[in-house]
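A.B. asks: Have a look at this prediction, sequence included:
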Amino acid sequence: MKVVIVGGVAVGAGTAARLRRLNEQAEIVLLEKGEYVSFANCGLPYYIAGEIKDREDLLLNTPESLRARFNIDVRVQNELMGIDRERKVVKIQDHASGKVYEESYDRLVLAQGAAPIRPPIPGIDLDNVYQLRSVPDVDEIQDRLNRNGVRSAVVIGGGFIGIEMVEAFLARGLHVTLIEKLPQIMPPSDPEMTIPIVKALQEAGVELILNDGIQALQGDGAAEQVKLESGKVVKGDLFLLGLGVRPDSSLAKQVGLELGLAGSIKVNASLQTSDPDIYAAGDLADNTLMATGEETWIPLAGPANKQARIIANHIMGRHAKFSGVLGTSIVRFQEEVLAQTGFTEKSAKRANIPYKVSYTISKHHAGYYPGAKDMIIKLLFTPDEGKILGAQIAGKEGVDKRIDVLATAIYSGLTVSELMELDLAYAPPFGAAKDPIIMAAMTAQNILDAMVTVVQTEQFDMFAPGVQLVDVRDPDETAKGVIEGAKLIPLPGFRDHVHELDPKRPVVLYCRSGFRSYVATRILKQHGFEAVYNWAGGYTLWSLWKDWYVKEASKVTV
């Protein structure tokens with residue numbers, strides 16, 4: 001058995017190592033057009049920030065280590081130039097020698113990944129314009145930063161790389177501008193869930209420009225400024241493109257392999273392409289959504305590493321299958337963390353999937369234990385049985401473990417009632433007796449059971465005629481601010497004031513997070529009020545994005 005693997009990093013190096021563990025006699029050739037066959041591309045921003053001190057820590061395996069440990073024929077600076085599917089031969093160019101040669105294969109694995117998006121705009125090839133995808137990229141940026149005269153950076157694109165690089169440049173003492181064409185950062189997320197990071201960016205002194213794309217990069221030899229579609233001009237000493245990536249599938253298209261979404265290569269559950277002797281995975285291949293089985297393309301490292309194992313298993317006769325993706329992801333900006341898994345509201349609407357939504361605000365560990373911080377959980381679930389469709393979490397601590405629990409719940413097909421029954425670890429420094437996950441599930445179940453009807457911030461017009469808006473927080477809380485037009489009736493003693501409300505008119509209640517107002521809705525319901533609503537997330541969510549959400553949410557393309 002001879003296997004030729006094109007591309008290193010997660011899929012390529014992972015497939016090669018697994019193949020050798022399964023078959024000592026297999027001939028394994030690993031081709032990499034660059035100099036680095038296995039490196040931590042997700043760690044690159046943290047190296048620039050100085051959190052990863054040693055550049056060598058980014059290099060997970062070298063050609064020498066792969067040869068010594070796994071007896072793999074590793075050839076760096078060797079680029080795939082063509083595939084003859086009938087002869088089962090690949091054409092390769094050795095860039096070091098200039099030689100062009102052929103190599104036969106029994107099985108071919110395509111793992112070239114994705115390439116950064118570089119739109120055809122004027123000035124994009126000027127000096128001082130960088131991207132971050134490889135070790136040479138990070139070396140170029142480090143070299144520029146280490147030279148005198150870099151005081152400001154302009155990051156174009158508010159996705160994962162953009163947010164991480166803003167943080168890295170701030171850590172290097174630069175003034176940073178972040179430009180995003182859409183009206184929100186982190187476009188895959190629902191807009192309101194991004195606001196904690198938006199606030200943190202602003203508080204850190206970042207100039208944030210939303211809803212404005214780039215028209216041109218301008219300068220004499222080197223970029224000195226970017227002109228935006230609005231006409232605004234932003235100057236900088238260094239410009240970083242973080243506009244996302246596209247599958248590097250041009251050669252696959254030329255040789256007739258079937259393509260899927262976004263130009264990714266279409267594969268089956270065993271990661272075989274339309275040619276069963278050719279496999280593809282990682283950022284190069286499409287995927288299926290676990291929840292629906294629909295085709296999707298999500299370039300994330302987690303699925304890529306699992307796919308490497310599946311390809312090797314299948315080549316060696318172990319008929320493993322890839323079950324699909326949930327798109328579980330997480331990003332950090334300083335103290336703020338945003339994570340998601342499964343469907344967002346935006347993606348559920350695009351897919352025409354019926355859903356209900358709940359918000360909860362809970363402390364990440366026991367509230368009485370020092371240092372407890374708020375965690376906002378947005379849960380999507382089916383309106384009939386309450387099957388969990390997706391979740392997003394914004395917070396400072398404990399976000400990672402909660403999103404992983406919710407990803408596991410979606411993978412397992414749990415309903416919110418089953419989620420409530422999970423037996424999660426509890427001790428005051430780590431969680432609460434009712435973990436934020438359990439609180440989110442209980443809130444969702446209350447919605448399903450018609451114990452409460454919720455209204456979201458974007459649904460409620462606080463000036464709607466006839467609506468009675470009631471704040472049930474304590475006086476020390478309302479002294480710091482209330483929503484205009486609200487009647488103040490603290491929950492303690494609330495029953496004594498029920499007669500002050502008109503049971504024939506709608507009542508919307510809120511508190512800090514939504515729990516006390518839920519209790520108040522139950523009181524009113526049992527006093528004959530019919531149109532009673534609980535404001536999801538309460539004053540905390542409203543105050544968090546009131547200045548941004550009302551202005552910007554309507555502009556977001558869903």
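C.D. replies: Looks like it came in fine.
A.B. asks: what comes into contact with stretch 142-157?
C.D. replies: Applying C-beta atoms under 8 Å, 6 or more residues apart in numbering, the contact partners of stretch 142-157 are 47-48, 128, 130, 162, 165-166, 169, 172, 174-180, 214, 226, 234-244. No exception for glycine: its C-beta is placed from N, CA and C like everyone else's.
A.B. asks: run the last query once more with 7 Å
C.D. replies: If you take C-beta atoms under 7 Å, 6 or more residues apart in numbering as the criterion, stretch 142-157 is touched by 48, 162, 165-166, 169, 172, 174-180, 214, 226, 234, 236-244.
A.B. asks: Now a ChimeraX select for only the buried ones of those.
C.D. replies: Buried residues among those (16 or more other C-beta atoms under 10 Å), as a ChimeraX selection:
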select :48,162,165,166,169,174,176,177,178,179,180,214,226,234,236,237,238,239,240,241,242,243,244
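A.B. asks: What about the contacts of stretch 142-157, which are in helices?
C.D. replies: Counted as lying in helices by DSSP state H, out of the contacts of stretch 142-157, are 48, 162, 165, 166, 169.
A.B. asks: pLDDT and distance to residue 204 for those - can I get that in TSV?
C.D. replies: Shown next, in TSV, are the ones in helices among the contacts of stretch 142-157 (pLDDT from 0 to 100; distance: C-beta to C-beta, whole Å):
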residue	pLDDT	distance to residue 204
48	96	16
162	97	14
165	97	13
166	98	8
169	97	11
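A.B. asks: Just send the residues you listed back as TSV, with distance to residue 466 too.
C.D. replies: Converted to TSV, those look like this (distance: C-beta to C-beta, whole Å):
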residue	distance to residue 466
48	56
162	44
165	49
166	45
169	51
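A.B. asks: you'd agree residue 513 is up against residue 539?
C.D. replies: No: between residue 513 and residue 539 there is no contact under C-beta atoms under 7 Å: 8.1 Å.
A.B. asks: Between the two, point out the one with more neighbours.
C.D. replies: A direct count of neighbours by other C-beta atoms under 10 Å for residue 513 and residue 539 places residue 539 higher, at 25 against 22.
A.B. asks: Find me the pLDDT at that one, would you?
C.D. replies: For residue 539, the pLDDT comes out at 91.
A.B. asks: Could you list the buried residues of the helix or strand where residue 136 lies?
C.D. replies: Here residue 136, judged by DSSP states H and E, is contained in helix 135-146. Neighbour-count burial for helix 135-146, counted by 16+ other C-beta under 10 Å, picks out 135, 137, 138, 141, 144, 145.
A.B. asks: Heading C-terminal from it, find the next helix or strand.
C.D. replies: strand 152-156.
A.B. asks: So what angle separates the directions of that next one and helix 135-146?
C.D. replies: Here strand 152-156 points in a direction 150 degrees away from that of helix 135-146 (axes from the mean of the first three to the mean of the last three C-alpha atoms, to 10 degrees).
A.B. asks: Report the contact partners of residue 437.
C.D. replies: With C-beta under 7 Å, 6+ apart, residue 437 has these contacts: 402, 405, 406, 419, 422, 424.
A.B. asks: The residue lying closest to residue 325 once chain neighbours are set aside: neighbour count?
C.D. replies: Nearest-residue entry for residue 325: residue 287, 4.6 Å, with adjacent residues in sequence omitted and distances by C-beta to C-beta, 6 or more residues apart in numbering. Residues lying near residue 287 (other C-beta under 10 Å) number 27.
A.B. asks: Quick check on residue 287: phi, psi?
C.D. replies: phi -140, psi 180 (degrees, to the nearest 10).
A.B. asks: Report the separation between residue 236 and residue 226.
C.D. replies: 7 Å (C-beta to C-beta, to the nearest Å).
A.B. asks: Any idea which residue is closest to the centre of this protein?
C.D. replies: By C-alpha atoms, centre = their mean, the chain has its centre lying nearest to residue 329, at 4.0 Å.
A.B. asks: In this protein, where is pLDDT below threshold?
C.D. replies: Under the criterion pLDDT under 70, the flagged ranges of the chain are 458-464, 547-558.
A.B. asks: Most distant residue from the centre of it?
C.D. replies: The outermost residue of the chain relative to its centre, with distances by C-alpha atoms, centre = their mean, is residue 499 at 48.0 Å.
A.B. asks: ok, now which ones touch residue 49?
C.D. replies: Each residue near residue 49 by C-beta under 7 Å, 6+ apart is listed here: 167, 168, 171.
A.B. asks: next one: residue 251
C.D. replies: 80, 83.
A.B. asks: does it count as helix, strand or coil?
C.D. replies: What DSSP: H, G, I helix; E, B strand; the rest coil gives for residue 251 is helix.
A.B. asks: Can you flag which of the contacts of stretch 142-157 belong to strands?
C.D. replies: Assigned to strands by DSSP state E, the following of these qualify: 175-180, 214, 226, 234, 238-241.
A.B. asks: Tell me the secondary structure of residue 402, please.
C.D. replies: Going by three-state DSSP: residue 402 is helix.
A.B. asks: That one: how many residues sit nearby?
C.D. replies: 23.
A.B. asks: try residue 182
C.D. replies: 19.
A.B. asks: That one belongs to a helix?
C.D. replies: No: per three-state DSSP, residue 182 lies outside any helix segment and is coil.
A.B. asks: and residue 541, that one's in a helix?
C.D. replies: Yes: under three-state DSSP, residue 541 falls within a helix.
A.B. asks: Show me which of the contacts of residue 49 is closest to residue 534.
C.D. replies: Nearest to residue 534 out of those is residue 167 (C-beta to C-beta; 36.1 Å).
A.B. asks: My guess is that closest one contacts residue 334. True?
C.D. replies: Yes: with contact defined as C-beta under 7 Å, residue 167 reaches residue 334; the gap is 6.3 Å.
A.B. asks: Those two: which has the busier surroundings?
C.D. replies: More neighbours surround residue 167 than the other of residue 167 and residue 334, with 24 against 15 (other C-beta under 10 Å).
A.B. asks: Who are the contact partners of that one?
C.D. replies: 49, 333, 334.
A.B. asks: in which helix or strand would I find the closest residue to residue 33 other than its chain neighbours?
C.D. replies: Spatial nearest neighbour of residue 33, excluding adjacent residues (C-beta to C-beta, 6+ apart): residue 79 at 3.7 Å. Assigned by DSSP H and E, residue 79 belongs to strand 78-84.
A.B. asks: Return the list of helices and strands in contact with that strand.
C.D. replies: strand 27-32, strand 89-94 (3 or more C-beta pairs under 7 Å, 6 or more residues apart in numbering; DSSP states H and E).
A.B. asks: Can you say which of those is packed in most?
C.D. replies: Mean neighbours per residue, mean count of other C-beta atoms under 10 Å, is largest over the helices and strands packed on strand 78-84 for strand 27-32, with a mean of 23.
A.B. asks: So what touches the helix or strand just after it?
C.D. replies: Beyond strand 27-32 on the C-terminal side, the first helix or strand identified by DSSP H and E is strand 38-39. With contact meaning C-beta under 7 Å, 6+ apart, strand 38-39 is reached by 8, 9, 13, 58, 59, 60, 61, 135.
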